[in-house]
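Trainee: okay, here's the prediction I keep looking at, along with the sequence it came from:
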Amino acid sequence: MAEFTPGTKIGLTDSGHAEIVKTLGQGGQGIVYEVMVSGKPYALKWYTCKLKDAKTFRATIQDNIKNGPPCDKFLWPLYLTEEKAGSFGYIMDLFSSDYTDFPAILNAKDKNGNRVSFKSTEIMILAALNLVNAFRELHRQGLSYQDLNDGNFRINLKTGDVLICDNDNVTPDGDMNSGGVGGKPGYMAPEIVTGKAHPSERTDCHSLAVVLFKLFFRHSPLQGAEYERLPCMTEKKELELFGTKPVFIYDPDDESNRPVAGVHNNAIKLWPLFPPFFQEAFIRAFAQGMKNPQIRETDNEWQKVLVRLRDTLFVNCPSCGREIPLTKIDKTAGIKCGGCNSAYSYPRLLTYASLLNVKDYYVPLFPGKKLYACHTNSNDDYSAITGEVVMNKNNPTLWGIKNLSGDTWKMTAPDGVAKDIPPNGAIPIGAGVTVQFTGTGGSIAE
Ligand SMILES: [Zn+2]
């Protein structure tokens, strides 16, 4: 069908109408327009493709509208349109201009050639957490997203907020998608590529792992030497590389598809900068999990892994703010900031017997490091700040954990003397101190 011209009015099923303002973009399933509804701008996705079962597809969107979004990170369908010229569409909120699409993030520049980068590594990890958490909430509603790829979410690079669009394919987990999507090459789980399964919560988790791998390593998890060896990609070979015989580029038991120096430099440079537990999560997702979807890393496990990464990957220089990576630091030599040359002793560690399903979990207690409810309240809230490591103004060698939780904590000094730590009080950081937070507890080690 021809595109709608500006000024065209399309009725909405509830009441009122959407008036076309302009075309915003075109995808596999349809055209996205900017429209006005009751004097406010929105986006309209209008289907131009043949839907596998349009009646069921429409009914599923209607159900999703009725049930509302799993959380505020989704640009959820708001209204359905009436049918026009044998098709229909739905209305959703527009992306705000503060959000950047994933291809621009991966290219480190946008369509106009402007440089694109996260404000900090911490914000990049927070964006990953927000994305993972959004899918966790969606899956907990019994839904699957079905088509996660680089085109259907955007990130605010300053705050780490994410917004996910294209929620029209969201389907109760286990149901066949009536719109007929299977996914995008490179993001699809191998069992979809081979036709052995249809999209589900399990295959969403594969696509999610691909997005995370691309975010952190700026490369595709399956494109290594085997991919480079091909003079041209044939359908048969593509089925092999992404479906029947996928090999993770860092599979510890199969070196056949390692990244190629000079071609896959991002992966080669970035992979060793991350701690083993983070690498192992991807190995589980893409080596073992590729063959067995049941052991694939879940959204909930990714959330825990990312919290741990944020805790342990780096600290910020209290003097100039620069991120100092901790992975490669010799503990006995202490920390030296590469930006301003300030020197600090290696931070003492807050250790837990077990936290976030990890035995002997630790958080380096360096000035500026934050504790969240997941560290102090025995829940999985990674965004509510409940504590922060602070430096004594008069004596910068004295550090403490400031209680920002609103609850009274308890500490026991190495000599056995116990003390209450009221809100806004601080626990002096010293070896042998034990701490009882609101719902968890730990001790401070060397
Ligand atoms: Zn510095």
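Mentor: In hand now; what should we look at?
Trainee: please make it C-alpha for all contacts and neighbour counts, starting now.
Mentor: Fine.
Trainee: quick check: V315 is in a strand.
Mentor: Yes - looking at V315 with DSSP: H, G, I helix; E, B strand; the rest coil, it is inside a strand.
Trainee: what sits closest to it if chain neighbours are left out?
Mentor: I324 (5.3 Å; C-alpha to C-alpha, 6 or more residues apart in numbering).
Trainee: hang on, isn't P275 packed against D311?
Mentor: No - contact criterion C-alpha atoms under 8 Å: P275 and D311 do not qualify, at 11.5 Å.
Trainee: mind listing what the most centrally placed residue in the chain touches?
Mentor: Nearest to the mean C-alpha position of the chain, counting by C-alpha atoms, centre = their mean, stands A128 at 2.4 Å. Contacts of A128 were listed using C-alpha atoms under 8 Å, 6 or more residues apart in numbering, and they are G160, L212, L306.
Trainee: do you know how far it is from the ion?
Mentor: Using C-alpha to the ion, to the nearest Å, A128 is found at 26 Å from the ion.
Trainee: three-state assignment of that residue?
Mentor: On the three-state scheme (three-state DSSP), A128 is labelled helix.
Trainee: out of the contacts of A128, which is nearest to the ion?
Mentor: If you rank these by distance to the ion using C-alpha to the ion, G160 comes first, at 23.5 Å.
Trainee: how many neighbours does that closest one have?
Mentor: 22 (other C-alpha atoms under 10 Å).
Trainee: sorry, back to before: distance-wise, check the residue nearest to V315 relative to the ion.
Mentor: Relative to the ion, and taking C-alpha to the ion, I324 is found at 8 Å.
Trainee: what about that residue, helix or strand, and which?
Mentor: Take DSSP states H and E as the rule and I324 turns out to sit in strand 323-325.
Trainee: again with E297
Mentor: Using DSSP H and E, E297 sits in no helix or strand.
Trainee: just give the closest residue to it, not the sequence neighbours.
Mentor: Distances taken as C-alpha to C-alpha, 6+ apart place A285 nearest to E297, at 5.3 Å, with adjacent residues excluded.
Trainee: what is the neighbour count of the one you found?
Mentor: Neighbour count of A285, defined by other C-alpha under 10 Å: 24.
Trainee: that one and D204 touch, don't they?
Mentor: No - here A285 does not reach D204: they are 11.9 Å apart, not a contact under C-alpha under 8 Å.
Trainee: any shared contact partners between these two?
Mentor: Taking C-alpha under 8 Å, 6+ apart as the contact definition, A285 and D204 share no neighbouring residue.
Trainee: how about the contacts made by T48?
Mentor: In this structure, T48 makes contact with M1, Q29, G30, I31, S87, judged by C-alpha under 8 Å, 6+ apart.
Trainee: pull the number of nearby residues for the residue of the stretch 51-200 of the chain found nearest the ion.
Mentor: Among the residues of the stretch 51-200 of the chain, S120 lies closest to the ion, at 14.7 Å counting by C-alpha to the ion. By the measure other C-alpha under 10 Å, the count of residues near S120 is 15.
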